[in-house]
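In: any chance you could fold what I've pasted below:
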Amino acid sequence: MQDAEQIVADYLAELLTPVVAPVQAPAPEVKVVAFEPWRNTPTSAPAREMDCRYLLCVAAGVKLAVPMADVTHVIPMPPLTPPNSSNPICLGRWRHPSGEARAADLAAILSPDLSGAPTVTLVILRDRTWALACVVDEEPVELSTDMIQWRSGAATRPWLAGMSLEPKCGVVDVTALIDWLEKELGP
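Out: Prediction:
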C-alpha cells in the first residue's frame, strides 16, 4: 500500500499531464455578482463561464478551487450525525435551519486511501444538500480563465474541470461533483 505522500504525488502528476488539445475558454464577461450565503443559486453553465472567484479548499495536501457561485456557506466543522453508510466518503449529516446536508470527505473523494485527513471547515454547496469537509484557510481568490487548463470528456474524476497554473490547484465542477456523489452514495 502506498503512503499518503506518494498517492498525492501520483494524483498531482495525473492532473498535470497535458490534455491532448487544451480548450481555450472565451474571455469572461465582466459582471457584478453579490454573494448571498443562504440563497439557492443553481446554475447549468460550466465553471469556466462563471464568476472568476474561487474558494481554495485543501484536503490531504491537495488544493482544489471551488467556484464561489456554487458555495452557499462556509462554517467551522460542526458535529455531524453519524452516516448510514460505510463508504469513507460520507462523514455524516448536518442539520441546518432549512434541512439537512450530507457531508462528504474531500480527501476521500480524491482517493479512498486519503480518507480521514484533518478537516476544520464545512463548505456548504448550492441548495445545501451537500457539503465538503476540508480545510479552508484563505479568502476567495480570482483565477484567470486563461491560466486554467480545462479538461473535457474525462473518464476518471469527471468533477475535475481543469487545472489552474497559478495558484497550482485543481478546479472543481460542482454540478459534476454533486452528480458523482449522488451516484457514489445514493440519494
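
In: the helices in the chain, which residues?
Out: For the chain, the helices defined by DSSP state H cover 4-15, 106-110, 174-185.

In: worst mean pLDDT among these?
Out: Note on these: helix 4-15 shows the lowest mean pLDDT, a mean of 63.

In: residues in contact with the residue nearest to P88 when sequence neighbours are not counted?
Out: Once flanking residues are discounted, P88 sits nearest to S115: 3.7 Å by C-beta to C-beta, 6 or more residues apart in numbering. No exception for glycine: its C-beta is placed from N, CA and C like everyone else's. Applying C-beta atoms under 8 Å, 6 or more residues apart in numbering, we find S115 in contact with 88-89, 105, 107-108.

In: rerun that using 6 Å as the cut-off
Out: Residues counted as contacts of S115 (C-beta atoms under 6 Å, 6 or more residues apart in numbering) are 88, 105, 107-108.

In: for it, give its distance to A101.
Out: In this structure, S115 and A101 are 19 Å apart, going by C-beta to C-beta, to the nearest Å.

In: A69: neighbour count?
Out: Applying other C-beta atoms under 10 Å, we find 19 residues neighbouring A69.

In: ok, now how distant is A117 from W159?
Out: A117 is 18 Å from W159, by C-beta to C-beta.

In: ok, R93 next?
Out: Applying C-beta to C-beta to R93 and W159 gives a distance of 21 Å.

In: over to S85?
Out: For S85, the distance to W159 - C-beta to C-beta - is 19 Å.

In: likewise for V123?
Out: 14 Å.

In: could you do T72 as well?
Out: Taking C-beta to C-beta, one finds T72 at 18 Å from W159.

In: and S86, by the same measure?
Out: 22 Å.

In: do the same with L143
Out: From L143 to W159 the distance is 17 Å (C-beta to C-beta).

In: more crowded one of the two?
Out: For L143 versus W159, neighbours defined as other C-beta under 10 Å are more numerous around L143 (22 against 19).

In: contacting residues for the more buried one?
Out: L143 touches 52, 54, 164, counting by C-beta under 6 Å, 6+ apart.

In: the last one contacts I148, doesn't it?
Out: Yes - under the criterion of C-beta atoms under 6 Å, S164 is in contact with I148, at a separation of 5.0 Å.

In: good, wrapping up.
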